[in-house]
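Undergrad: based on what follows, work out the 3D shape:
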Amino acid sequence: MNSNQRQVAVDDIILKYENYINLYNRYESMKDHIHSPTLSTIVMVEKTIQKMEYPTKTQLWKALPKKVMYQTFCVIIEYLIDSGKIMVDTDHRLVWTWNPEMIKKIASSGVKLR
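TA: Numbers count the residues shown, from 1 in each chain. Take a look at the predicted model:
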C-alpha cells in the first residue's frame, strides 16, 4: 500500500466518523422534540376528560378516540395540571376544574383577579 492509498483509506475513515457524528448530533437535537403534542391532540384529551366522570390516567388514555403515545399523553396531562385545567385527587383520578363561565361571572361581579 503506497502513501496515496493510505491517505485515501484514512480520509474514508474520517468521513465515516464525521457522518456518524453528524447523525448522532441530529438525533440528539431531535430527541427533545419527539412526542411533542399538537394542539388538536391536547383539545382531544380535554374534551375526553370533560365527557368522563373522574377517570384515572390509564382509563382516560384508553378512552381517547385516537391513539396517542403514552409519553405524549403524559406531557399533555402535566400541561393540563400546570395550567390549572385539571387536578388529581387522592385516588389518582383526574378532575376537570377549568370553568371559564364561572370566571366570567366572578370577574363581572367586581372581584379583582390577578
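Undergrad: now residue 87: which helix or strand?
TA: Residue 87 is part of strand 86-88, with elements assigned from DSSP states H and E.
Undergrad: now the helix or strand following that strand: mean pLDDT?
TA: Proceeding C-terminally, strand 86-88 gives way to strand 94-96 as the next helix or strand, assigned by DSSP H and E. Per-residue pLDDT values over strand 94-96 give a mean of 91.
Undergrad: in the strand holding residue 87, which residues are buried?
TA: Across strand 86-88, burial judged by 16 or more other CB atoms under 10 Å covers residue 86. For glycine as for every other residue, the C-beta is placed from the backbone atoms N, C-alpha and C.
Undergrad: isn't residue 41 up against residue 68?
TA: Yes - under the contact definition of CB atoms under 8 Å, residue 41 touches residue 68, with a separation of 6.0 Å.
Undergrad: shared neighbours, these two?
TA: Overlap between the neighbourhoods of residue 41 and residue 68 consists of residue 76, taking contacts as CB atoms under 8 Å, 6 or more residues apart in numbering.
Undergrad: how is the protein divided into domains?
TA: When the chain is parsed with automatic domain parsing, its domains come out as 1-34, 39-102.
Undergrad: weakest of these in terms of mean pLDDT?
TA: Among those, domain 1-34 carries the lowest mean pLDDT, a mean of 66.
Undergrad: okay, now residue 69: neighbour count?
TA: Residues within reach of residue 69, counting by other CB atoms under 10 Å, total 13.
Undergrad: separation between it and residue 108?
TA: Computed with CB to CB, to the nearest Å, the distance linking residue 69 and residue 108 is 41 Å.
Undergrad: ok, residue 87 - contacts?
TA: 81, 94-95, 97.
Undergrad: now do the helices in this protein.
TA: Assigned by DSSP state H, the helices in the chain fall at 3-31, 39-51, 57-63, 70-82, 100-108.
Undergrad: list the buried ones in the fourth one?
TA: Meaning helix 70-82. By 16+ other CB under 10 Å, the buried positions in helix 70-82 come out as 72-73, 75-77, 80.
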